[in-house]
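Trainee: Here is the input, now give the coordinates:
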Amino acid sequence: MKQTAQRDWRNDRQSRKTGSSFDYTTALGSLTVALFFYILYHIYPFVSKGLLW
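Mentor: As a prediction, the model looks like this:
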């Protein structure tokens, strides 16, 4: 069996991280939640009243 060096992923991620904790995943999650609420409060009432379809 080949001997390989064990890698500590926690230190690698922390070394690349900048001062901001607002990353791509947080932005994508926030955008998804905002889109959900936009559909819920703006588009769904039109659909339920039968104005769009």
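Trainee: how near is residue 47 to residue 33?
Mentor: Per CB to CB, to the nearest Å, residue 47 is found 20 Å from residue 33. Using the backbone N, CA and C atoms, a C-beta is placed for each residue, glycine as well.
Trainee: Residue 40 too?
Mentor: When residue 40 is compared with residue 33 (using CB to CB), they lie 10 Å apart.
Trainee: mind listing what residue 39 touches?
Mentor: Residues near residue 39 by CB atoms under 8 Å, 6 or more residues apart in numbering: none.
Trainee: Now the phi/psi pair for it, please.
Mentor: Phi and psi for residue 39, reported as degrees, to the nearest 10, are phi -60, psi -40.
Trainee: Going by secondary structure, residue 29 is in what exactly?
Mentor: helix 24-38 (DSSP states H and E).
Trainee: just residue 45 next, same as before
Mentor: Take DSSP H and E as the rule and residue 45 turns out to sit in helix 44-49.
Trainee: packing partners for that helix?
Mentor: Helices and strands touching helix 44-49, as assessed by 3 or more CB pairs under 8 Å, 6 or more residues apart in numbering; DSSP states H and E, are absent.
Trainee: Where does the prediction get shaky in the protein?
Mentor: 1-2, 7-20, 52-53 (pLDDT under 70).
Trainee: Tell me the secondary structure at residue 6.
Mentor: For residue 6, the assignment made with DSSP: H, G, I helix; E, B strand; the rest coil gives coil.
Trainee: neighbours of it, just the number please.
Mentor: Counted with other CB atoms under 10 Å, residues neighbouring residue 6 total 4.
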